[in-house]
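Asker: Structure for this input, please:
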Amino acid sequence: MNETQEIKKKVWSMVGRDPRTIPLDEIDLSHPGIWQANEYLPFLERLRREDPVHYCKSSAVGPYWSVTKYADIMQVDTSPDIYSSEPTIGILDTNAENVYPMFIAMDPPRHDEQRKVVQGVVAPMNLKKLESVIRQRACAILDGLPLGEKFNWVERVSIELTTQMLATLFDFPFEDRRKLTRWSDAFTAIPGRGIIDSYEQRQELVEECQVYFTRLWNERVNREPGNDLVSMLAHGEATRDMPPKEYLGNVILLIVGGNDTTRNSLSGGVLALNENPGEYQKLRDNPGLIPNMVSEIIRWQTPLAHMRRTAKVDTVLGGKTIKAGDKVVMWYASGNRDEDAIVRANEFLIDRPNARMHLSFGFGIHRCMGNRLAEMQLRIVWEEIMRRFHAVEVVGEPKRIYSSFVKGYSELPVMVHPL
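Answerer: From the prediction side, this is the model:
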C-alpha cells in the first residue's frame, strides 16, 4: 500500500473516532472496521437519538440512507411496494456480470413463487424429523470437547454443527461438508482480510461451488422429487427452468442463510453469558428459560447487521425525503437496541418478556425462512450444554469478522468445565 492509499484508508476509517464529537454527516456505518473493533454501538445510539434516518453522502459503497429506529425499520421492511429488494440486498452495488439473482433480492411475484418452492424444507413436519438428528449431532460434538483445555468454540462447535445441518438440508455429501463453510465465508468476505485474498479468488470459489451444485442438480432432476433443497429447486415449477446463474444465486442464499444466523448466535450466546454472569446463573437455576434465552441471544447478537432496500418511488420516512433509486439500509443491529421499542434494550436478559419481537429475522415477505430451524438448533445445543457443563468459560478475546453485514466471530477461546 503506497502513502496515498494509506492516507485515504485512514480518512475513511471510522475506527478510533469519537462518536460524540464526530460531525454527524461523517458517520458512515458501512465501514467494516468499527464492527470488527466492536465500536459500532455508540454510533448507532447517536444516530437513533439525533438523526434516525441519516444520509451518508460519501462512502466507499456510495451514498445511502441509514435507518436506525425499530419503527422506521419495520416500516421499510413491510413496504415492498415502496422499497424494493432488487437488484440486491447488499449495501454494495455490483456489476451486472457479477449479479447472481436470488429470491431474497426479488420482489413479488417472483420472490413469492421461488420462496414457496423451498419453504417446505422447514415446514413443521420436517422440523420434527430434524430435531432428533440435530440432538444426536449436538451430543456427539459436545461429548468430543476437551475438558479443562483451551479451544476455539467457533471452529469446534458453531461451525461444525451448522455445517452438518446444511449438509443435511442439501443432502450434500457429508465428507465434503466443509466446502459449504468455505463457500459461505467466501461469498460474504471482504478480500484481503484473512478469508480470501482477492476478488479473483472469490470468483474461483464461486465457480467451484457452481460446478459441484450443477452436478447435484443433474443427478436429482432425473430422480423422483426429494425433500432436500437441491431436489426442490430442480423440480419446483417456479425454479426448474432457472438460468444457471439464478440457480447458483439461490444456492448461495440458502448456504449463507443457513450458516450465519445459527453459527454466530451459537458463539454470541456463549460470549453474552460470560459477559453477564448473573444471567448465566439464572440459566443454571432455571434451564427452562432456554427457549426464551435463545430469542434474546438472537436479538443481542443480531447475526446480520443490516439489509438494504432501494426506493422505488419518492417517499418520506422519519421526516426525510427519500428519492426513487436511493439506497435505504435497515440497521437491524440498531433497531434491536432501540429503547423506545424494547424495554432495557441495552441489557442482556434471558427472561425478557416478548423476547421474540426482535428484528434479527426481518419482517414482512422477506422474514427469514429458517427462523424456526435456527431457534431449534440453538435450543437443543443449550439444552445439551446445560446437561454436561457447569460453564463454557471464555478465556480470551474474541476475534470478530471484518464486515458491516455479517456480525460474527472467527475465534472464541473457551474452556468447558463439567458439572
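Asker: For the protein, name the helix or strand with the lowest mean pLDDT.
Answerer: Ranked by mean pLDDT, DSSP states H and E, the weakest helix or strand in the chain is helix 3-12, scoring a mean of 43.
Asker: could you point out which element follows it?
Answerer: Toward the C-terminal end, the helix or strand that comes next after helix 3-12 (DSSP states H and E) is helix 32-36.
Asker: Buried residues, the helix or strand just after that following helix. List them.
Answerer: Per DSSP H and E, the first helix or strand lying C-terminal to helix 32-36 is helix 41-50. Neighbour-count burial for helix 41-50 flags 43, 44, 45, 46, 47, 48 (criterion: 16 or more other Cβ atoms under 10 Å). The way it works is simple: take the backbone N, C-alpha and C, and place the C-beta from them, glycine included.
Asker: separation between the second one and residue 62?
Answerer: Taking Cβ to Cβ, to the nearest Å as the criterion, residue 44 is separated from residue 62 by 21 Å.
Asker: try the last one
Answerer: Note on residue 48: its distance to residue 62, by Cβ to Cβ, is 23 Å.
Asker: what do you get for residue 328?
Answerer: 13 Å.
Asker: Comparing those two, which residue is more hemmed in?
Answerer: residue 328 (23 against 13; other Cβ atoms under 10 Å).
Asker: I'd say the more buried one and residue 322 touch.
Answerer: Yes: taking Cβ atoms under 8 Å as the definition, residue 328 is a contact partner of residue 322 at 6.4 Å.
Asker: anything in contact with each of the two?
Answerer: 65, 311 (Cβ atoms under 8 Å, 6 or more residues apart in numbering).
Asker: Could you report the pLDDT at the residue most central in space within the chain?
Answerer: For the chain, the residue nearest the mean C-alpha position is residue 304 (3.4 Å; Cα atoms, centre = their mean). In this model, residue 304 is scored at 95, pLDDT.
Asker: thought it was touching residue 261?
Answerer: Yes: if you go by Cβ under 8 Å, residue 304 and residue 261 touch, sitting 7.1 Å apart.
Asker: okay, and the common contacts of these two?
Answerer: With Cβ under 8 Å, 6+ apart, residue 304 and residue 261 have common neighbours residue 360.
Asker: secondary structure element for the closest residue to residue 238 other than its chain neighbours?
Answerer: In space, and not counting its chain neighbours, residue 238 is closest to residue 113: 3.7 Å by Cβ to Cβ, 6 or more residues apart in numbering. Assigned by DSSP H and E, residue 113 belongs to helix 110-119.
Asker: Kindly check the end-to-end length of stretch 222-233 for me.
Answerer: Taking Cα to Cα, to the nearest Å, the first and last residues of stretch 222-233 lie 13 Å apart.
Asker: Could you list the low-confidence segments of the stretch 101-250 of the chain?
Answerer: Judged against pLDDT under 70, the stretch 101-250 of the chain has no low-scoring part.
Asker: in it, which spans are strands?
Answerer: When secondary structure is read from DSSP state E, counting those that start in this stretch, the stretch 101-250 of the chain shows strands at 151-152.
Asker: can you give me the helices in it?
Answerer: 110-119, 124-143, 153, 160-170, 178-188, 199-220, 229-235, 244-275 (DSSP state H, counting those that start in this stretch).
Asker: my guess is residue 42 contacts residue 20, does it?
Answerer: Yes: using Cβ under 8 Å, residue 42 is in contact with residue 20, at 7.4 Å.
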